[in-house]
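> Sequence isn't available, so here's the structure alone:
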């Protein structure tokens, strides 16, 4: 059902693509983020250990190791939770249907979409030669959507693998945070949806591929596609 939805949503042809991003921070918010990043670098072991102990969706409690005051942390939380992504640019894209597969050919940015192939016959999605697994249906209503463009419905796929010396780590949460630079990490997430009020396609692709602390690929792409 999910790939049939994608096949119908993305027919072959030329597309106008809105590149999405978060609005810029003001000077005070930028200063808070700068101080936090510096403090986290100086307290990396503590930060990784604290993050690994949080439940999905749970906010990190304030701590002085964050390098900012409680009031500044409240501002950071408010900004991070209320910000919605909106259009920051426009690019062109061609979608090709060939041999029961969907291929993406961006005219310029983002080139990484060339690595995305949707195989309709085999019910598989590949990104950078990595096979994604179907994860879930996504329904983002007007209360929960982070898009200025509005609510949407769709599906998501992902791939998550962490290895150390070639051996698969079954429970990464139990690892010592100090071992982070010894790991090989492959984390890819793809979401494809349709806006409720029109035929625009929302595509979100996030990729993080790391080899023993060295980043090989890092992408965070959010797009709205409209056929010409």
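Okay, I see it. In this text the structure is predicted, and so the values were computed from the model without any measurement.
> Please report how far the closest residue to residue 161 other than its chain neighbours lies from residue 174.
Nearest residue to residue 161 in three dimensions, chain neighbours excluded: residue 186, at 4.6 Å (C-beta to C-beta, 6 or more residues apart in numbering). Yep, even glycine has a C-beta here, placed from its N, CA and C like the rest. Distance, residue 186 to residue 174, using C-beta to C-beta, to the nearest Å: 19 Å.
> got the residue ranges for the strands in the chain?
13-21, 86-98, 101-106, 116-119, 124-127, 130-140, 152-164, 167-168, 183-195, 201-211, 214-227 (DSSP state E).
> Contacts for the shortest one next, please.
For strand 167-168, the external contacting residues (C-beta atoms under 8 Å, 6 or more residues apart in numbering) are 161, 162.
> ok, now with 10 Å
Applying C-beta atoms under 10 Å, 6 or more residues apart in numbering, the external contacts of strand 167-168 come out as 161, 162, 184.
> just checking, the second one touches residue 211?
No. The criterion here is C-beta atoms under 10 Å, and residue 162 misses it with residue 211 at 11.8 Å.
> who's more crowded, the two?
More crowded of residue 162 and residue 211, by other C-beta atoms under 10 Å: residue 162, with 18 against 12.
> Mutual contacts of residue 162 and residue 211, please.
With C-beta under 10 Å, 6+ apart, residue 162 and residue 211 have common neighbours 183, 184, 185, 186.
> now the second one: how far from residue 166?
Distance of residue 184 to residue 166, computed by C-beta to C-beta: 8 Å.
> ok, now residue 130?
Distance of residue 130 to residue 166, given as C-beta to C-beta: 17 Å.
> Between these two, point out the one with more neighbours.
residue 130 (16 against 6).
> can you list the domains in the protein?
2-22+87-227, 27-82 (automatic domain parsing).
> pLDDT score assigned to the nearest residue to residue 32 once chain neighbours are set aside?
Closest residue to residue 32 apart from its sequence neighbours, by C-beta to C-beta, 6+ apart: residue 72 at 4.9 Å. For residue 72, the model assigns a pLDDT of 93.
> Could you point out which residue ranges in this protein have low pLDDT?
82-83 (pLDDT under 70).
> which residues does residue 39 contact?
46, 47, 63, 64, 65, 66, 67, 68.
> how far away is it from residue 19?
Applying C-beta to C-beta to residue 39 and residue 19 gives a distance of 31 Å.
> Repeat that for residue 53.
Residue 53 is 35 Å from residue 19, where distance means C-beta to C-beta.
> neighbour count winner among these two?
Using other C-beta under 10 Å, the more surrounded residue of residue 53 and residue 19 is residue 19, with 16 against 10.
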